[in-house]
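Participant: Just need the structure, nothing else, for what follows:
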Amino acid sequence: MKTAIAIAAHPDDIEMMMAGTLLLLKKAGYEIHYLNLSRGDCGSVEYAAAEIKKIRLAEAKNAAHLLGAHFHPPLCDDLQIFYGENLLRKVAAVIREVKPTVVLTHSPEDYMEDHVNTGRLAVTAAFARGMRNFTTDPQLPFDNYDCTVYHSLPHTLRDNFRRRIIPGAFVNTGAVHETKLEALRAHQSQQSWLDVSQNMNSYLQAMEDVSLEVGEMSKIFTHAEGWRRHSHVGFCEAGADPLKELGNDYLVNEAYEKHLEL
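Facilitator: This is a model prediction of the structure:
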């Protein structure tokens, strides 16, 4: 069976920017997987770290269940997602266990270093899938197969210099929007935290607003997620674009493709 994995930094990041595409891949016959690198231990002004870790683990497991995804336990704490050997070997082990042909992860530009570093770790872990001499933690057999990596849009839809990021493709998430919203709602502990820390009065409304804005960018869809496809070198054949299997729910941004050749 074809498999896809979403690799994000914190509990609720997948639901914010990636879950719609993950759900559509499941409908297209993919086995889907769900990995947050961090435990979310800094995401509270009410609870101590040990307590909020338990709360957020339960919320994330419930969200993955609602998405119909295989849950993988987090690997580190908040603000400790560094691009380093130990964490890379753990992420690479998950890649070798799952053998995804599609990897969904964060944008290379985003407002949090945790997001940026997660994207880098996901890319290198996928790159190392077929490297015999790279050991994983735990050690798992290497395997060389085609794997396509897609980067989501940043949470603000802009880079850290306020420039808008234009997606290379759009996925119509209208048909699965309510399920995506339900999975995000499972992260109940984040309502007060995001309000206090990021002036996000409603994280549900924030996801709704981004979804509608990306849909408007597509000029066709009402709700959408945007993606940029990573270079094929070291991953798959040139031109490989498995999200095209989503049919009419997938729209390549031709203007973006033409700009690549300038």
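
Participant: what sits against K258?
Facilitator: Taking CB atoms under 8 Å, 6 or more residues apart in numbering, we find K258 in contact with no residue. Backbone N, C-alpha and C define where each C-beta goes, glycine included.

Participant: For whichever helix or strand it is part of, list the C-alpha coordinates in CSV.
Facilitator: Element membership for K258 (DSSP states H and E) is helix 254-260. C-alpha atoms of helix 254-260 as CSV (Å, rounded to 0.1, in the frame of the first residue of the first chain):
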residue,chain,number,x,y,z
GLU,A,254,1.2,27.4,-13.7
ALA,A,255,2.5,30.9,-13.0
TYR,A,256,4.8,29.4,-10.2
GLU,A,257,6.0,26.7,-12.5
LYS,A,258,6.9,29.2,-15.3
HIS,A,259,8.7,31.4,-12.7
LEU,A,260,11.0,28.5,-11.8
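
Participant: per-residue pLDDT, the nearest residue to S202 once chain neighbours are set aside?
Facilitator: Leaving out its chain neighbours, the residue that sits closest to S202 by CB to CB, 6 or more residues apart in numbering is Q191, at 7.3 Å. Confidence at Q191, expressed as pLDDT, is 76.

Participant: Use 492 as the first number for this chain going forward.
Facilitator: Happy to do that; since the first residue is 492 now, the last one works out to Q682.

Participant: in terms of contact, does Q682 touch Y694 like I think?
Facilitator: Yes - counting by CB atoms under 8 Å, Q682 touches Y694, with 6.3 Å between them.

Participant: Who has more neighbours out of those two?
Facilitator: Y694 (21 against 15; other CB atoms under 10 Å).

Participant: Report the separation between G575 and L526.
Facilitator: 17 Å (CB to CB, to the nearest Å).

Participant: Who has more neighbours out of these two?
Facilitator: Set G575 next to L526 and count neighbours by other CB under 10 Å: L526 wins out with 25 against 11.

Participant: So which bits of whichever strand or helix holds K517 are buried?
Facilitator: Assigned by DSSP H and E, K517 belongs to helix 510-518. Buried residues in helix 510-518, defined by neighbour count with 16 or more other CB atoms under 10 Å: A510, G511, T512, L513, L514, L515, L516, K517.

Participant: TSV for those, including pLDDT?
Facilitator: Output for those, formatted as TSV (pLDDT from 0 to 100):
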residue	pLDDT
A510	98
G511	98
T512	98
L513	98
L514	98
L515	98
L516	98
K517	98
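
Participant: next helix or strand past the least confident helix or strand in the chain by mean pLDDT?
Facilitator: Using mean pLDDT, DSSP states H and E, the weakest-scoring helix or strand in the chain turns out to be helix 681-689, at a mean of 70. Next helix or strand after helix 681-689 toward the C-terminus (DSSP H and E): helix 694-709.

Participant: Also compute the angle for that following helix relative to helix 510-518, please.
Facilitator: Computed by axes from the mean of the first three to the mean of the last three CA atoms, to 10 degrees, the angle separating helix 694-709 from helix 510-518 equals 80 degrees.
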